[in-house]
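In: The following comprises the amino acid sequence and a computationally predicted model.
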Amino acid sequence: MNKIPLKEQSIVLIGFMGVGKTTIGQAVAQKLYRDFIDIDEVIERRFQMPPKDIFAKYGEAVFRQHEKEIISEMCHKKLKVISLGGGAFLQKEIQDICLATTTIFFLDLTWDKWKDRIGLLIDSRPVLQGKNMDEIKQLFDDRQPIYEQHHSRVLTDDQEVEEVADYIVDSLKLAWELYA
């Protein structure tokens, strides 16, 4: 299999749900003149229903299997910016595919900043349904080590979307100059 040149590798954004992967990913894609792909939206189109309904009707295992197939396919495409769902990176196969074929940015957010957003997220995120704050905090903490498999970490606390997107673009351009 031919290795994709660094400059042409797709960029993958990982991080906890609600951290801003889609919004930041769209900004990065625009700045780099690349297509943006939100994996959850691709799955939603495939099933013609939102992820929370897929979870309810078919179960998490079916959702995760489709997620893995789509991510595997997308990671082998050139010049994309791909936003993964918050739980996608829990799958070791997805970690391996992404690490081998793409440049991964971990969008990190502290718990205190994240919990300010919970009101915007609680209804649309299936894994938050029926959980109290302690359980959600545990989920947040449990996932942090999984996100440590990346090429670059960006702390997004108190940063605007454009600032984070510019940082990612600047980091990429520097890496492309150094390693090309």
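Out: Nice, thanks for sending it over.

In: distance between the ends of stretch 85-97?
Out: By CA to CA, to the nearest Å, the extent of stretch 85-97 from end to end equals 15 Å.

In: So for the strand with the most length in the chain, what gets flagged as buried?
Out: Scanning the chain for the longest strand, with DSSP state E as the assignment, gives strand 103-108. Neighbour-count burial for strand 103-108, counted by 16 or more other CB atoms under 10 Å, picks out 103, 104, 105, 106, 107, 108. Glycine gets a C-beta too; all of them are placed from N, C-alpha and C.

In: Between the residues you listed, which sits nearest residue 169?
Out: Closest approach to residue 169 among those (CB to CB): residue 105, at 10.6 Å.

In: Next one: that closest one from residue 159, what distance?
Out: 13 Å (CB to CB, to the nearest Å).

In: The lowest-mean-pLDDT helix or strand in the chain: what's the following helix or strand?
Out: Least confident helix or strand of the chain, by mean pLDDT, DSSP states H and E, is helix 118-121 with a mean of 69. Toward the C-terminus, helix 118-121 is succeeded by helix 133-143 as the next helix or strand (DSSP states H and E).

In: And the top helix by length along the chain, how far out from the chain middle?
Out: What stands out as the longest helix in the chain, according to DSSP state H, is helix 161-179. For helix 161-179, the gap between its own C-alpha mean and the chain's C-alpha mean amounts to 17 Å (CA atoms, centre = their mean, to the nearest Å).

In: And it, what does it pack against?
Out: helix 21-32, strand 103-108, strand 152-155 (3 or more CB pairs under 8 Å, 6 or more residues apart in numbering; DSSP states H and E).

In: who does the longest strand of the chain pair up with?
Out: Take DSSP bridges as the rule and strand 103-108 pairs in its sheet with strand 11-14 (parallel), strand 152-155 (parallel).

In: Check what pLDDT residue 127 gets.
Out: In this model, residue 127 is scored at 66, pLDDT.

In: ok, now residue 8?
Out: 95.

In: Quick one: neighbours of it, just the number.
Out: Number of residues near residue 8 (other CB atoms under 10 Å) recorded here: 11.

In: What of residue 174?
Out: Neighbour number of residue 174 under other CB under 10 Å is 10.

In: picking up where we left off before, quick one, which of the helices and strands packed on helix 161-179 is nearest to residue 132?
Out: Here strand 103-108 is closest among the helices and strands packed on helix 161-179 (CB to CB), at 23.7 Å.

In: Show me the contact partners of the closest one.
Out: By CB atoms under 8 Å, 6 or more residues apart in numbering, the residues outside strand 103-108 that reach it are 6, 9-15, 19-21, 24, 98, 147-156, 164, 168, 171-172, 175.
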